[in-house]
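Chemist: here is the input, now give the coordinates:
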Amino acid sequence: MNTPSRSQIRRWRHYLADERAEGAVYSNLAQRTTGEDREILLALADAESRHEAHWRSLLGEHAGPPRRPNLQTRVLAFLARRFGSVFVLALAQRTEARSPYEADVDATASMAADERIHEEVVRALAARGRSRLSGSFRAAVFGANDGLVSNLALVLGISATGVSSRTVLITGLAGLLAGALSMGAGEYVSVRSQRELLEASTPNPDAQTALRHLDVDANELTLVYRARGMSEGQAQARAAQVLADDSLHKREHPGRDLAVDEHESVGTGLAAASSSFCFFASGALIPVLPFLFGLDEVAALVVAGVLVGLALLSTGAIVGLLSGGPPLKRALRQLAIGIGAAGVTYLLGLLFGTG
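Modeler: From the prediction side, this is the model:
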């Protein structure tokens, strides 16, 4: 084998460090879970170990002491050790998606394929966590954002009309309470309605008791399968199988094999309402805080805008992390939308205040 160049050694050592760190991330995550998720994470760690061995073999005597992995991989390892949450999996998904192996002649085709598949495996694992968070977390994030944006807009708009700071404070507090109550009630109705719709779409378990009494020639069970999405041929074949096998009568649930989603983790109505109320109120409180502490109107508005901007950046980054998207881009988008809406309201306040 030819002696590797300095650039190759540097690149290979970088890959070696990253593979070692990524394997540690999956191992640490596996320690915080059980069952199938644990087995999958340990299998991912084993795969990273195979990749690590490839680069170690190429480096040979040039492997040298262990190098530090890149910053994102170090952050991942830290979060995996401390939290082991869905946010770590979302970050790991982005890391796998940016694998350079497909364009690197020193990486094998199987390694590049591994990384591509790892992205999908981690995506699926992260999706499980997202579904568990989807109900209350969604209510919390949107509640906080609505509180931040709507109350900042209200405070800026009423302030622009020329009223006193005390009036701005009272208006902001009223907007906080009214908005939080409205958000909580709306989330409760929304989640309860969604759960009721899902319950209405769930097959009745008592229907299985009728299977043994069906007319084999008429075979009404075929209609059930066709109504649930099977083709006529598939429905007839499945219905015939069920009716011909007595053992399936006890196990079969009309519609179990069909493309009908189970109850998603939409959360409970009270949990969603509570999250929405509390987070809207916490978000809506931020634009009011400077007025509560007695700052003069101009200073209070500036401080309120800065605090809300920082909060919007934070919530945008959190949503970006959870969704597997670029956190900075989502944070800046959230900031632009929030400040833009507040700015329009301020201009309208100026217009009405001088009218």
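Chemist: any idea where the strands of the stretch 201-350 of the chain begin and end?
Modeler: Here the stretch 201-350 of the chain has no strands by DSSP state E, counting those that start in this stretch.
Chemist: what about the helices in the stretch 101-250 of the chain?
Modeler: 109-160, 165-201, 221-227, 232-244, 246-251 (DSSP state H, counting those that start in this stretch).
Chemist: out of those, which gets nearest to residue 270?
Modeler: Residue 270 lies closest, by Cβ to Cβ, to one member of the helices of the stretch 101-250 of the chain: helix 165-201, at 6.9 Å. C-beta here means a position set from N, CA and C on the backbone, and glycine is covered the same way.
Chemist: helices and strands around that closest one, which ones?
Modeler: Using 3 or more Cβ pairs under 8 Å, 6 or more residues apart in numbering; DSSP states H and E, the elements in contact with helix 165-201 are helix 109-160, helix 269-285, helix 289-292, helix 297-323.
Chemist: outline the domain layout of the protein.
Modeler: 6-130, 134-198+268-353, 203-251 (automatic domain parsing).
Chemist: how about JSON lines for the helices of the stretch 101-250 of the chain, with distance to residue 56, mean pLDDT and mean neighbour count added?
Modeler: Below are the helices of the stretch 101-250 of the chain laid out as JSON lines (distance: least, Cβ to Cβ, whole Å; pLDDT from 0 to 100; neighbours: other Cβ atoms under 10 Å):
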{"stretch": "helix 109-160", "distance to residue 56": "13", "mean pLDDT": "81", "mean neighbour count": "20"}
{"stretch": "helix 165-201", "distance to residue 56": "51", "mean pLDDT": "81", "mean neighbour count": "17"}
{"stretch": "helix 221-227", "distance to residue 56": "55", "mean pLDDT": "71", "mean neighbour count": "18"}
{"stretch": "helix 232-244", "distance to residue 56": "51", "mean pLDDT": "76", "mean neighbour count": "16"}
{"stretch": "helix 246-251", "distance to residue 56": "51", "mean pLDDT": "46", "mean neighbour count": "11"}
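Chemist: closest one to residue 333 among those helices?
Modeler: Across the helices of the stretch 101-250 of the chain, closest to residue 333 is helix 109-160 (Cβ to Cβ), at 11.6 Å.
Chemist: measure residue 69 to residue 15 for me?
Modeler: When Cβ to Cβ, to the nearest Å is the yardstick, residue 69 and residue 15 sit 10 Å from each other.
Chemist: and for residue 315?
Modeler: Applying Cβ to Cβ, the value for residue 315 to residue 15 is 35 Å.
Chemist: rewinding a little: want to try a markdown table for the helices of the stretch 101-250 of the chain, with distance to residue 300 as columns?
Modeler: A markdown table is the format used below for the helices of the stretch 101-250 of the chain (distance: least, Cβ to Cβ, whole Å):
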| stretch | distance to residue 300 |
| --- | --- |
| helix 109-160 | 8 |
| helix 165-201 | 7 |
| helix 221-227 | 61 |
| helix 232-244 | 67 |
| helix 246-251 | 67 |
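Chemist: out of those helices, the one nearest residue 24 is which?
Modeler: helix 109-160 (14.9 Å).
Chemist: helices or strands next to that closest one in the packing?
Modeler: helix 35-59, helix 86-97, helix 165-201, helix 269-285, helix 297-323, helix 327-353.
Chemist: let's see it at 6 Å
Modeler: helix 86-97, helix 165-201, helix 269-285, helix 297-323, helix 327-353 (3 or more Cβ pairs under 6 Å, 6 or more residues apart in numbering; DSSP states H and E).
Chemist: neighbours around residue 36, how many?
Modeler: 10 (other Cβ atoms under 10 Å).
Chemist: just list the residues touching it, thanks.
Modeler: Going by Cβ atoms under 6 Å, 6 or more residues apart in numbering, residue 36 touches no other residue.
Chemist: retrieve the pLDDT associated with it.
Modeler: Listed pLDDT for residue 36 reads 84.
Chemist: residue 96 contacts residue 118, doesn't it?
Modeler: Yes: in this structure, residue 96 is within contact of residue 118 by Cβ atoms under 6 Å, at 4.6 Å.
Chemist: rewinding a little: out of the helices and strands packed on helix 109-160, the one nearest residue 111 is which?
Modeler: By Cβ to Cβ (comparing all of the helices and strands packed on helix 109-160), the closest turns out to be helix 86-97, at 12.1 Å.
Chemist: list the buried residues of the closest one.
Modeler: In terms of neighbour count (16 or more other Cβ atoms under 10 Å), helix 86-97 has its buried residues at 86, 87, 88, 89, 90, 91, 92, 93, 94, 95, 96.
Chemist: and if you look at stretch 344-355?
Modeler: Going by 16+ other Cβ under 10 Å, stretch 344-355 has these buried residues: 345, 346, 349, 350.
Chemist: pLDDT and distance to residue 184 added to these, as JSON lines?
Modeler: Below are these laid out as JSON lines (pLDDT from 0 to 100; distance: Cβ to Cβ, whole Å):
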{"residue": "345", "pLDDT": "87", "distance to residue 184": "23"}
{"residue": "346", "pLDDT": "84", "distance to residue 184": "27"}
{"residue": "349", "pLDDT": "83", "distance to residue 184": "27"}
{"residue": "350", "pLDDT": "82", "distance to residue 184": "32"}
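Chemist: could you give the mean pLDDT of whatever helix or strand residue 29 lives in?
Modeler: Using DSSP states H and E, residue 29 falls within helix 6-31. When pLDDT is averaged along helix 6-31, the result is 87.
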